[in-house]
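Asks: from the sequence below, what's the structure:
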Amino acid sequence: MDAKDFASADVMVLGVLAAGMGSGRETLAYTMSSIEKFGVKGDWFRDPSHRRFFEAATAVWREQRVLDPFHIKKRYEADDGQGFVSLFEELMESGAIDVHIDHYLNALKQKAIYGKVHKMTAEWLAEMTPDNIGIQIEDFAKRLHDYQETLADSDSGLKRLSDYLENSIAKKKKLHEERFVNHNWEYLDGLPWPWHCMNEIFAGLKPGLHVVAALASQGKSTMAADLSVFWNSRGIKHGIVCIDMAGEQYADRYPSIMERVSLAKINFGGSADDIAKYERGYQRAAKLNNVWITEEDGVKTIEYLCYRGVKTLGWQAVIIDYLQLVTLEEQGQMPEYTRVQRATQAVKRIAKRLKIPIICLAQLSRAFEKELREGKYAEPGLDSIGDSAEIARAAFTITTLYYDIDVRKYWKETPPTQLAFGDRNDKAVKYGIVGRETAEQMEARRSGQMSLAKSFRPMWVEVLKNQQGGHGKLPFVMYPGYFLFRPGNIEGEDVEVTFGGKQKKLPVGKFEQLCDDWTYTEQDWWLEMTNAMPQRGCKLMGETYAEMRQRMAKERAAHPEVKHFVREYAENGREVVGWHIEN
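Replies: I've put the predicted structure just below:
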């Protein structure tokens, strides 16, 4: 845009209005809709006569849906305006063309913002003192952000297919090169989940609103914390909007996940070893420095922080915990349904404008919870998300989490001790007593395993909506005290079991074996030994078994501090003749 366009923008916009008075209603309707879309206001015009003309013309249009010089002149002069005829002649001679209205409006918006920012800066410098500099800078940044957002929307909103072509083709070529030329089967067009089974469904988290919904205390915050820890470890910068709890409480989960330390035990009063692990995990997480946490809940403030995070801090994603708690500045006595609807629309706009994925946690509805309390076995659907149907409509993807109720009841009677890890198992290896324990030692170890295993939760993670990917239902095991989500074996078999005095076929095999995990910690040697995690990784789509073994060897070599359970086989390669623990 050249200086001439910038200087004459107000005259050209009004010139289109003046020239439009002799054209058809359809042309005027398009011009007025463009003015409304750009949000033009009277104070965008510096010249008082231009401001009066614009306000008179828009008022006449709202009342009569037509424009004519007589009615505009009458309203213009009612506001003590002089010189209407000479102004009208000037506008008619401007040479403005109605098909260029979007270009003129774009120039007018930039001209108006330039004047407002110039004035705001002068006032800010005049008001700033050494005592209030911090508050003034924060206030200036927020106000400047509003103008930046206005400028970001300065185009007409119309794009041709050719505008998308170059970027889209480049992405597809990059995907082909990484996967089929470089054999990098982990590469995704989007941000990754920690678990390969989820990545196969999503093929990468794309920009947009992604909803993870569950009942209270059924794993949505745990899944989000695991995702954040994973991104932090992979150098993916992101923000956490922590509305449901204090930021400090959320941050406490990072060392628990990274070092396999029970947060409940730490909060009660952990051992010296537990405290040392907790401190080590916190220091590791903080050193990576890829997470920012805020407790703000207002949608306007969230928008400002997201914009600042993406533009200045390099955020690639945002997690909001949780969506139904986001507030509006003007909500007043607004019904809950309407508030959640508008908050959802606002968050979706933020994701689209900043071109990042925003993962929003959400509560399932009270109606669904009531069905479960009444003993009805139900799986949540799109209509089970609480407070607003707008969430289901607006979301790019929707994932629900829920317990497998029957397997959980079975586990209360027969806990899956093979999935347990902890201090007693570490001591068993440290003193070399596994395999030659005394009865007392075995009982002490099994007691610890039993206590931990009773807390495990068999979870289904079901992708119900995905606008650019697949759908699916995956088994996971949640370790509540450790805030861990670990994927089960989707190929596991249903098993005939007895519990509660009855026989029933349950998908126990899907939950009692872990098939894929991204973390490496000392306690997992026990899961390898009990065959609860027969292999740490899984074969990726398109990957050969040789490539998988090579990738797993590389990952294991990157964690020399972690113990591994190694079976010793006979010459035939099938019979196990011994075992040992190695680093």
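Asks: pull out the buried positions in the helix or strand containing Ala19.
Replies: Ala19 belongs to helix 3-20 when assigned by DSSP states H and E. By neighbour count with 16 or more other CB atoms under 10 Å, helix 3-20 contains the buried residues 5, 8-20. From N, CA and C alone the C-beta is placed, and that goes for glycine too.
Asks: of the residues you listed, closest to Arg339?
Replies: Val13 (36.2 Å; CB to CB).
Asks: dump the residue contacts of that closest one.
Replies: With contact taken as CB atoms under 8 Å, 6 or more residues apart in numbering, Val13 is in contact with 35, 40, 54, 96, 101, 104-105, 108.
Asks: could you rerun that using 10 Å?
Replies: Contacts for Val13 were tallied using CB atoms under 10 Å, 6 or more residues apart in numbering; they are 31, 34-35, 38, 40, 44-45, 50, 54, 91, 94, 96, 101, 104-105, 107-108.
Asks: ok, Ile133 - how many residues close by?
Replies: Ile133: 10 surrounding residues under other CB atoms under 10 Å.
Asks: against Trp124, how distant is it?
Replies: For Ile133, the distance to Trp124 equals 11 Å [CB to CB, to the nearest Å].
Asks: list the residues that contact both of these two?
Replies: Contact criterion CB under 10 Å, 6+ apart; residues shared by Ile133 and Trp124: none found.
Asks: name the SS class of the closest residue to Leu144 other than its chain neighbours, please.
Replies: Distance criterion CB to CB, 6 or more residues apart in numbering; nearest residue to Leu144, sequence neighbours excluded, is Val117 at 7.3 Å. Counting by DSSP: H, G, I helix; E, B strand; the rest coil, the backbone at Val117 sits in helix.
Asks: Val117 against Arg143, yeah?
Replies: Yes: the pair Val117 / Arg143 is scored as a contact, 8.9 Å apart, by CB atoms under 10 Å.
Asks: sec struct for the spatially most central residue of the chain, please.
Replies: By CA atoms, centre = their mean, the chain has its centre lying nearest to Ile359, at 2.1 Å. Secondary structure, three-state DSSP: Ile359 is strand.
Asks: mind pulling the model confidence for it?
Replies: Looking at Ile359, its pLDDT is 97.
Asks: so how far is Val461 from it?
Replies: For Ile359, the distance to Val461 equals 14 Å [CB to CB].
Asks: overlap in contacts of these two?
Replies: What both Ile359 and Val461 touch, as defined by CB under 10 Å, 6+ apart, is the set 212, 223, 399.
Asks: so who does the residue lying closest to Asp252 once chain neighbours are set aside touch?
Replies: Of all residues not flanking Asp252 in the chain, Leu263 sits nearest, at 6.0 Å (CB to CB, 6+ apart). Applying CB under 10 Å, 6+ apart to Leu263 gives the contacts 249, 252-253, 255-257, 270, 278, 480-483.
Asks: go on, Pro480?
Replies: Listed by CB under 10 Å, 6+ apart, the contact partners of Pro480 are 217, 219, 222, 262-264, 455-457.
Asks: quick revisit: so which of the contacts of Leu263 comes closest to Ile319?
Replies: Out of those, the member with the shortest distance to Ile319 (by CB to CB) is Arg253, at 12.4 Å.
Asks: what's the local residue count around that closest one?
Replies: 21.
Asks: same question for Cys242.
Replies: For Cys242, the count of nearby residues is 23 (other CB under 10 Å).
Asks: contact partners for the residue lying closest to it once chain neighbours are set aside?
Replies: Residue nearest to Cys242 in three dimensions, not counting chain neighbours: Tyr250, with 4.7 Å by CB to CB, 6+ apart. Each residue near Tyr250 by CB under 10 Å, 6+ apart is listed here: 221, 224-225, 228, 240, 242, 244, 291, 293, 295, 319, 321.
Asks: now whichever strand or helix holds Tyr250, how far from the chain's geometric center?
Replies: Following DSSP H and E, one finds Tyr250 within helix 247-251. With CA atoms, centre = their mean, to the nearest Å as the basis, helix 247-251 stands 18 Å off its chain's centre.
Asks: give me the mean pLDDT for it.
Replies: Helix 247-251 shows a mean pLDDT of 92.
Asks: do stretch 128-146 as well
Replies: Stretch 128-146 shows a mean pLDDT of 80.
Asks: break this protein into its domains for me.
Replies: Per the record, the chain has its domains at 3-152, 196-582, by automatic domain parsing.
Asks: now the ones you listed in a markdown table, with distance to Asn167?
Replies: Converted to a markdown table, the domains of the chain look like this (distance: least, CB to CB, whole Å):
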| stretch | distance to Asn167 |
| --- | --- |
| domain 3-152 | 18 |
| domain 196-582 | 11 |
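Asks: now Trp231. Nearest residue, chain neighbours left out?
Replies: His238 (5.5 Å).
Asks: can you pull the pLDDT of that neighbour?
Replies: Predicted confidence (pLDDT) at His238: the value is 96.
Asks: got a list of what it touches?
Replies: Counted by CB under 10 Å, 6+ apart, His238 has contacts 191, 227-228, 231-232, 290-292, 309-310, 313-319, 356-359.
Asks: those residues in helices, which ones?
Replies: 227-228, 231-232 (DSSP state H).
Asks: what would the residues you listed look like in a markdown table with pLDDT and distance to Gln550?
Replies: Below are the ones in helices among the contacts of His238 laid out as a markdown table (pLDDT from 0 to 100; distance: CB to CB, whole Å):
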| residue | pLDDT | distance to Gln550 |
| --- | --- | --- |
| Leu227 | 95 | 27 |
| Ser228 | 95 | 29 |
| Trp231 | 95 | 25 |
| Asn232 | 94 | 26 |
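Asks: quick one: which of those residues is most hemmed in?
Replies: Ranked by neighbour count (other CB under 10 Å), these have Ser228 at the top, with 27 neighbours.
Asks: hmm, Met258 and it touching each other?
Replies: No: assessed by CB under 10 Å, Ser228 is found out of contact with Met258, at 11.2 Å.
Asks: between these two, what contacts are shared?
Replies: Listed contacts common to Ser228 and Met258 are Ala285; contacts here mean CB under 10 Å, 6+ apart.
Asks: bridging residues for the residue nearest to the centre of the chain?
Replies: Beta-bridge pairing for Ile359 (DSSP bridges): His210, Ile319.
Asks: what about it, distance to Val241?
Replies: 10 Å.
Asks: any residues in contact with both of these two?
Replies: In terms of CB under 10 Å, 6+ apart, Ile359 and Val241 are both contacted by the residues 318-321, 323.
Asks: that's a strand at Leu188, yeah?
Replies: No: assessed with three-state DSSP, Leu188 is coil; it does not lie in a strand.
Asks: quick one on the thing from earlier: quick one: contacts for the residue nearest to the centre of the chain?
Replies: Residues counted as contacts of Ile359 (CB under 10 Å, 6+ apart) are 191, 205, 209-212, 220, 223-224, 227-228, 238, 240, 317-321, 323, 351, 397, 399.
Asks: report pLDDT for the residue nearest to Asp252.
Replies: 85.
Asks: can you pull the phi and psi angles for it?
Replies: Backbone torsions for Leu263, taken as degrees, to the nearest 10, come to phi -70, psi -30.
Asks: one more: Phe45?
Replies: phi -100, psi 120.
Asks: sorry, back to before: next, count neighbours for the residue nearest to Leu144.
Replies: For Val117, using other CB under 10 Å, the count is 15.
Asks: what of the one 4 residues further on?
Replies: If you count neighbours by other CB under 10 Å, Thr121 ends up with 12.
Asks: sweet, I'm off.
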